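**Student:** Return a 3D structure for these sequence lines:
(chains A, B, C and D, ligands or ions: 6)
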Amino acid sequence: MSGYSVSVALTGSGGAGAMTAGQILLDAASKAGFYGLMTRSMGPQIRGGEAAALLRISTKPISSLDDHYDLLVAFDWGNIARFAAELPLAANSLVLTDPEQGEVPEPIAVFGARAAELPMKSIASGIPGGRVNMVGLGAAAVLIGLPLDSILSVLTAQLGRKGEEVLAAATAALRAGAEAAAILPSVTKLGTAPKDGVVRWNISGNEAAGLGALKGGIKFVAAYPITPGTEVLEWLAPALDKTGGALVQAEDELASINMVIGGSFAGIPSATATSGPGLALMTESLGLAVASETPLVVVDVMRGGPSTGIPTKSEQSDLNIAVYGLHGDAPHLVVAPNSISDCLYATQWAVYLAEALQTPAIVLSDQAMGQARALIGKPAESPYVAKRLVAEANIENYKRYALTASGISPMAIPGTPGNNYVADGLEHNERGTPSSQASDHQSQLDKRAHKLDAFDYGDLWADIEGDAEIAVVTWGSATGPVQEALLRAKAKGINAKMISLRLILPIQPAKMAAALKGVKKVLVVEQTHSEQFHKFLRAHYDLPKDVAVISQPGPLPIRPAEIVNRLAAWK
Amino acid sequence: MSGYSVSVALTGSGGAGAMTAGQILLDAASKAGFYGLMTRSMGPQIRGGEAAALLRISTKPISSLDDHYDLLVAFDWGNIARFAAELPLAANSLVLTDPEQGEVPEPIAVFGARAAELPMKSIASGIPGGRVNMVGLGAAAVLIGLPLDSILSVLTAQLGRKGEEVLAAATAALRAGAEAAAILPSVTKLGTAPKDGVVRWNISGNEAAGLGALKGGIKFVAAYPITPGTEVLEWLAPALDKTGGALVQAEDELASINMVIGGSFAGIPSATATSGPGLALMTESLGLAVASETPLVVVDVMRGGPSTGIPTKSEQSDLNIAVYGLHGDAPHLVVAPNSISDCLYATQWAVYLAEALQTPAIVLSDQAMGQARALIGKPAESPYVAKRLVAEANIENYKRYALTASGISPMAIPGTPGNNYVADGLEHNERGTPSSQASDHQSQLDKRAHKLDAFDYGDLWADIEGDAEIAVVTWGSATGPVQEALLRAKAKGINAKMISLRLILPIQPAKMAAALKGVKKVLVVEQTHSEQFHKFLRAHYDLPKDVAVISQPGPLPIRPAEIVNRLAAWK
Amino acid sequence: MTVQTPLTHQDFKSDVKPIWCPGCGDFSVLSAVTKALAELGRPREDIAFISGIGCSSRIPAYTKVYGFHGVHGRALAIAAGVKLARPDLTVLAAGGDGDGLSIGGNHFMHACRRNVDMTYIVMDNQVYGMTKGQASPTTAPDWCNSKLTPEGTGISPVEPVRLALAAGANFIARGFAGNPNEVARLILEGINHPGFSLIHVLSPCVTYRPEQRDWKQAVHASDATPAQLIAEAMHRLASDDGFTTGVLFAGNRQAFMPPRRNLATIADLERKFAS
Amino acid sequence: MTVQTPLTHQDFKSDVKPIWCPGCGDFSVLSAVTKALAELGRPREDIAFISGIGCSSRIPAYTKVYGFHGVHGRALAIAAGVKLARPDLTVLAAGGDGDGLSIGGNHFMHACRRNVDMTYIVMDNQVYGMTKGQASPTTAPDWCNSKLTPEGTGISPVEPVRLALAAGANFIARGFAGNPNEVARLILEGINHPGFSLIHVLSPCVTYRPEQRDWKQAVHASDATPAQLIAEAMHRLASDDGFTTGVLFAGNRQAFMPPRRNLATIADLERKFAS
Ligand SMILES: Cc1ncc(C[n+]2csc(CCOP(=O)(O)OP(=O)(O)O)c2C)c(N)n1
Ligand SMILES: Cc1ncc(C[n+]2csc(CCOP(=O)(O)OP(=O)(O)O)c2C)c(N)n1
Ligand code: SF4
Ligand code: SF4
Ligand SMILES: [Mg+2]
Ligand SMILES: [Mg+2]
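**Tutor:** Ligands and ions are numbered 1, 2, ... in the order given. Modelled structure (predicted):
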């Protein structure tokens, strides 16, 4: 119980409208001045499957879902066994159930929470055009103390177009639910919304990644749809169209990555977005981008693996392929956002880095961030925009792959007179002519590694918080629960430092050594089955002897309590 | 100077016939009862490019090329700068050069070896149908002390079909070269051939891998040609055809790996061979094989990377992609032969393991082993053959992915009545029905990891030689130079233990801990630019504090002397 | 189970509940497949049914034969592997227009020319259903309801049957999900015809292409006897409106199958290495 | 360099020495390309020349324009990316029958239908030269000189021009390396024709297919004016022997190119997130 937030789950199958209700609740919370987070859990059906909107609303910015839900509103219990594990409840949580839908089923009953009945269906049926989800929403709002006005104003904005009747029905159902809630047991209530004057954004991680790409300077995108990366593209398609760029749907990922290589070779910052299976198809050509020194960005929104795995659920298990998945020695960039807002910053930074370093950057987002929506303060402007070192015209004896001190060589863009050259994925000499000579291979391998190693990444390589002898080392969407856990641990008198890596590749041994100075114990937190991140850290960094690991696969998110417990056990 | 071997390089461009001469020399050495090794260095041209046959002939089995060549016979000097680095010479080496071809060029002269002139071209032109390479071969044979008879008998066997004239011309040229050699400075000579009664095989690593696959039980191969993996397939195509199997050329690697999956699903042990770029295209579907628990074998004959890289030269830089290149948590097998004869054993073992464990196995060979030929003793029979745990007919409520103690579940082969099921790359429950439930994901991830971890791999996981406080840890084709280096080091009073990993995945922590017991210093030897093997070891094994690394990219092989020097420096 | 009673189409249905939207055309294709298999009369265990990824590609799990739900776009490659390794099995493959013609286009083309004896059902809804409504290679250029191509693709669609003919398919038919009996018959004919058979089925996506409910009105059965010469079929297809159902081409190329021979033992082969 | 003298075909030749075998047909294709570019009259820097992997795919390095020697099979995807990102450039792609029709077959098919304005030269030698002689999709089924298919492939070859037509290419021509002037003219026409142009060039591999020296006798120039309707072209190609040179089809579909518009600023787009 964190005191400043309330967590609500809305579930239902088919057309029950759990997702719609959740979205309205989030919008209303925003209108009322709260912060918040909403993720969704969906069944495999395209339409009409079970769905859960999982919300946490709070009086200050939050980074993670809570350990359990304070309120579960179940419009029905269809297929509940499939995702009950994603709906943890505490003893004083409240389950709101419709008596028409039968008893609270076993997988939920086991949590031992309180239950109360609300005949949502029958209330709704008493209202012409009334819908179950609006009844439930009204009750939920009252129970958690969210002003009904904020919901009404969202409804007006969203349903206005659909005509007065629709709006009236929704309003009536909402009010009926609210009234019925008066006699229900109470649940944790929201505090007063902060009056911080900060403009709230309501944004998903996938939209943020799209925006980051655009702000970084991406003008050309070629892509193939795949869950859960598609929304990055769906945001970018009209956005690029409106701002002088273009997005093209390719026939497959082999085509999309190579179109992106072509666009970038032609001088236009280019990117794509995908998920694990698509990334796997791109690795051969990512190697081409490395060898030919062609900048580009691939946003990989990770999902459960291996293979087709669990397309709609989150996991961090593409770390290995992103870091090591290219054949040969192929140094490249891997950047990982660690929050929904960082999906914007990290992607924008990745564009900047890829362009500056003339190499591909993989951005490792995941379903948990990508398909979640957050209420956040409007993000500050970031200075990172694409700026490529280009060759001026008519350089005598132009060498595309010249050995320079920085390892970065001026790139001639087609259209530049006098510098024509042929980019090549074969090993080559400085001019770009294929060469199988040992000395050319060595010097070009050195060059490609050196340009990444020598670059100054500043402080952005990691987010470091606190200072203590215990450090929690984490990355990506696992960072949110860690942040929340460290706040809670502090309240219990346990101090720990957080190191959340944003720059996965190239490794930063000196910076990590500085960050780990004085650290005696390390807890690694990640969402994989095989401790991919822990093994990665061991391979490339010197960790203290005492290392513990919380590594669990998806789809369940890592809960702050687990982390607090592990830290407490160490004490 | 090892005392028991002589190293000879034959070089020439275009149709000079250096490769032919080298092959005859190797065959003759075999006939004469020697052991030996021959690798080749080729230019990028399809035909008529520069070529070097690099031989080492010895009185006992050898594992590696020597540090330098005792004799370099240059039919001409075309493009010598491109590969001079691959032809190291010592001060008392001899360069045999044709005065018509001009002076010994700088890149060779720098070695400071002795030089002698032999007018090969003019001698050859004096003989009707006489060829330069036969003149050089004759001289070389005399210089290194290989009985001319053995060459003559090879010539007779090989040229017999071409008619008497051809044979007579070759014989005359050979004899003329031999006679001319009488007045040449001497070079290290071969000792007496061992009369060990061991039947010699003349085999390349690629042929050995093909044979290993066949002996392991492979009956179906689908593949797409790629250098230097093609010869595995070229050996297998007629071999399968003659022994009741089949090889099909696919439209690309995406097709070939999926055809192999289909063949294996249908119950027939199936395999393919490729190289880095092809392996990269296969990783998505390798993940499918992991998730659907479909056994198969991929032989990856590594070449210089990244991207198209250096197709004709060797490197060990596909280690990362082989180990980590699949998206999601995808446990699989990676097996690495460490000699030409082990290309047979390791591939055969990989077939056995893949079938026993119902998972894909990647065999990491490389160009240095694959395209080299060795004279070895006839390999002993290996007991490892494919034996899959199949389901008997009409099992009630058959569960393809049943959770068993070993993690291995009986696989129903199409044609088996009553057990029909659908193999799936989506996460699934025990029956195989898609499931996105956390508990199914966890238990199937556990199952797939456990079956590999729990299996008993016996002693084959690594080749361990010697016992000392210093251990050299290596793998693949880097093993040969290490073995030779350790012999030499011993002669100098430096003792070191060799641990050459054959089983790269799954990791074997207990066995490695036992092998490293008492070891204070570790020298890692590998042929990559970025210390891939060293990083892999760090990630998964506990190494002593004191670790040194010899890690160099291709195409130059690792020379035994470097290893000896590094060990000596430690003393 | 000693007395063998003939299997009905129900015997070919599994108890797995389809994830399809109510009204999806794929339900009818499923009945057509089970009907065709019942008529074929082979035991369930002798059938292998292979698919890729997409709504339509879920179909094998809803039948009761050996199946493989592979990765996106590779169904035909797996299916070819099954048949080449086990010529005794009857091999079916199925999938969507995206799976088969976009990401899987190369295998489609090469399956046509390789002519392995199997039957491929393309369930064409002119959209990517599974990923929530993007244009596929068969989508009209001016369809603007995808967020990825909000102004339409601007790209000419491919006509699967025409492509198959140019690529060398040996049997080409078109059906409509609204007429599952005809589809069942076409599938059965396809199975019985040697070599690679394409059954192109117009199968409406009621969720992302509700207007496809009108296909009912557009389809019409071919009144010609199936073309047996490529030139003739080409000529006819040149003026086809995409809604003609029936067998459009039945060629007579021999199916591809490497022979299985026993000419040598492994020991014989090994002897070549001895010198 | 202020006075611009027209560039000759020599000005389009680089100083990199081809790795090709003496007598390889690709030398003639190289001259044809440089001739066509000289006649085109655009500055060298405005040309992008993209290829995959194979003997033939080495060609960009031997010219003096901007080039990209990519990975095996992906030339058309890179080329499309170049043109879509930089509509001002003249884009050429080239490669072999293996690169373009085997591993690259899907991009070939989709490039035809996408109809981006570029010109693709397939240097067809009916073999994989670079990997030392395996069968390609254009190889006759009974060619037995590959170690991988020692009994022949047993598979019908594809006819690239027919496939291109079925897939939707907008300009299709065939040339013969033995007649580089005609090839140069076809390339130039292809460049000037809007949309995707295929120039199929019979380019002998003297090393692995020495019998292709006889192609000289087999080729014959088309005497018809180019077909402008697909049906007409289909009809003609149905009886083509594979050796007719000239323009075989010249369609009038509009080239695909997403518009470049300025309707909003990023700040405008950002405002939608504020609630
Ligand atoms: C490599 C890869 N890329 C993309 C996807 C995402 N994906 C799944 S199904 C699908 C398209 C499905 O369309 P179609 O084959 O027409 O089937 P339908 O759902 O329409 O029946 C896509 C793009 C994937 N699973 N794998
Ligand atoms: C992914 C991948 N697979 C295979 C290869 C090996 N490879 C290189 S070129 C080639 C075929 C070349 O044939 P073609 O395109 O006809 O060109 P040609 O050499 O005949 O001109 C192959 C299979 C490769 N480089 N990359
Ligand atoms: S989305 Fe369309 S294709 Fe998919 S199940 Fe629903 S109706 Fe069928
Ligand atoms: S192998 Fe054939 S295609 Fe390649 S360069 Fe030689 S002749 Fe030309
Ligand atoms: Mg579809
Ligand atoms: Mg070719």
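**Student:** and A:G197, helix, strand or coil?
**Tutor:** Classification of A:G197 using DSSP: H, G, I helix; E, B strand; the rest coil returns coil.
**Student:** Give me the pLDDT for it.
**Tutor:** A:G197 carries a pLDDT value of 88.
**Student:** count of residues packed around it?
**Tutor:** Residues within reach of A:G197, counting by other Cβ atoms under 10 Å in any protein chain shown, total 7. For every residue, glycine as well, the C-beta is placed using N, CA and C.
**Student:** same deal with A:K31?
**Tutor:** Quick note: A:K31 (other Cβ under 10 Å) scores 22 neighbours.
**Student:** How about the one 4 residues further on?
**Tutor:** Taking other Cβ under 10 Å as the criterion, the count of residues near A:Y35 is 24.
**Student:** So it versus chain B, what's the distance?
**Tutor:** With distances taken as Cβ to the nearest Cβ, to the nearest Å, A:Y35 is found 28 Å from chain B.
**Student:** cool, and A:P147?
**Tutor:** Applying Cβ to the nearest Cβ to A:P147 and chain B gives a distance of 36 Å.
**Student:** Correct me if wrong: that residue contacts A:A32.
**Tutor:** Yes. Counting by Cβ atoms under 8 Å, A:P147 does reach A:A32; the two are 5.7 Å apart.
**Student:** Neighbour count: those two, which is higher?
**Tutor:** Neighbour count, other Cβ under 10 Å: between A:P147 and A:A32, A:A32 has more, with 22 against 17.
**Student:** isn't that one right up against A:A193?
**Tutor:** Yes. Using Cβ under 8 Å, A:A32 is in contact with A:A193, at 5.3 Å.
**Student:** And the strands in the stretch 151-275 of chain C, which stretches?
**Tutor:** Here the stretch 151-275 of chain C has its strands, by DSSP state E, counting those that start in this stretch, at C:171-176, C:196-202, C:220-221, C:244-250.
**Student:** In TSV: those strands, plus distance to ligand 5, mean neighbour count and mean pLDDT.
**Tutor:** What follows is the strands of the stretch 151-275 of chain C, written out as TSV (distance: least, Cβ to the ion, whole Å; neighbours: other Cβ atoms under 10 Å in any protein chain shown; pLDDT from 0 to 100):
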stretch	distance to ligand 5	mean neighbour count	mean pLDDT
strand C:171-176	15	27	98
strand C:196-202	11	29	98
strand C:220-221	23	12	96
strand C:244-250	18	21	98
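**Student:** Indicate which one of those strands is closest to B:G287.
**Tutor:** strand C:196-202 (27.6 Å; Cβ to Cβ).
**Student:** partner strands of that closest one, parallel or antiparallel?
**Tutor:** With DSSP bridges as the test, strand C:196-202 is paired with strand C:118-124 (parallel), strand C:171-176 (parallel).
**Student:** So what's the residue count around residue 22?
**Tutor:** Answering for chain A, as no chain was given. With other Cβ under 10 Å as criterion, A:G22 counts 27.
**Student:** try chain C instead
**Tutor:** C:P22 has 11 nearby residues by other Cβ under 10 Å.
**Student:** ok, now which ones touch it?
**Tutor:** Going by Cβ atoms under 8 Å, 6 or more residues apart in numbering or on different chains, C:P22 touches A:48, C:206.
**Student:** Confirm it sits in a strand?
**Tutor:** No. With three-state DSSP as the criterion, C:P22 is located in coil rather than a strand.
**Student:** C:R213 versus that one, what's the distance?
**Tutor:** For C:P22, the distance to C:R213 equals 13 Å [Cβ to Cβ, to the nearest Å].
**Student:** can you check C:V206 too?
**Tutor:** 7 Å.
**Student:** A:A568 too?
**Tutor:** From A:A568 over to C:R213 the distance is 60 Å, taken as Cβ to Cβ.
**Student:** contacting residues around the residue in chain C that ligand 6 sits nearest to?
**Tutor:** Using Cβ to the ion, the closest approach of chain C to ligand 6 is made by C:H110 at 16.1 Å. If you count contacts by Cβ under 8 Å, 6+ apart, C:H110 has them with B:250-251, B:255, C:167, D:102, D:105, D:137.
**Student:** Could I get the residues you listed in a markdown table, plus columns for neighbour count, pLDDT and distance to ligand 6?
**Tutor:** Below are the contacts of C:H110 laid out as a markdown table (neighbours: other Cβ atoms under 10 Å in any protein chain shown; pLDDT from 0 to 100; distance: Cβ to the ion, whole Å):
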| residue | neighbour count | pLDDT | distance to ligand 6 |
| --- | --- | --- | --- |
| B:A250 | 26 | 98 | 17 |
| B:E251 | 27 | 98 | 14 |
| B:A255 | 31 | 98 | 18 |
| C:A167 | 27 | 96 | 19 |
| D:S102 | 29 | 98 | 9 |
| D:G105 | 26 | 98 | 14 |
| D:P137 | 27 | 98 | 10 |
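**Student:** what about A:T404, neighbour count?
**Tutor:** Neighbours of A:T404 under the rule other Cβ under 10 Å: 15.
**Student:** On the three-state scheme, it is what?
**Tutor:** Per three-state DSSP, A:T404 ends up coil.
**Student:** again with A:D467
**Tutor:** Three-state assignment for A:D467 (three-state DSSP): coil.
**Student:** Cross-check the contact I'm expecting between it and A:K497.
**Tutor:** Yes. Between A:D467 and A:K497 there is a contact at 5.5 Å, judged by Cβ under 8 Å.
**Student:** Quick one: residues contacting the closest residue to ligand 6 within the stretch 451-571 of chain A.
**Tutor:** Across the stretch 451-571 of chain A, the shortest distance to ligand 6 (Cβ to the ion) belongs to A:K451, at 36.2 Å. Taking Cβ under 8 Å, 6+ apart, we find A:K451 in contact with A:357-359, A:406-408.
**Student:** Briefly note if the least confident helix or strand in chain A by mean pLDDT comes near chain C.
**Tutor:** For chain A, using mean pLDDT, DSSP states H and E, the weakest element among its helices and strands is helix A:80-83, scoring a mean of 91. No. Counting by Cβ under 8 Å from any Cβ of the partner chain, chain C is not contacted by helix A:80-83; separation bottoms out at 12.0 Å.
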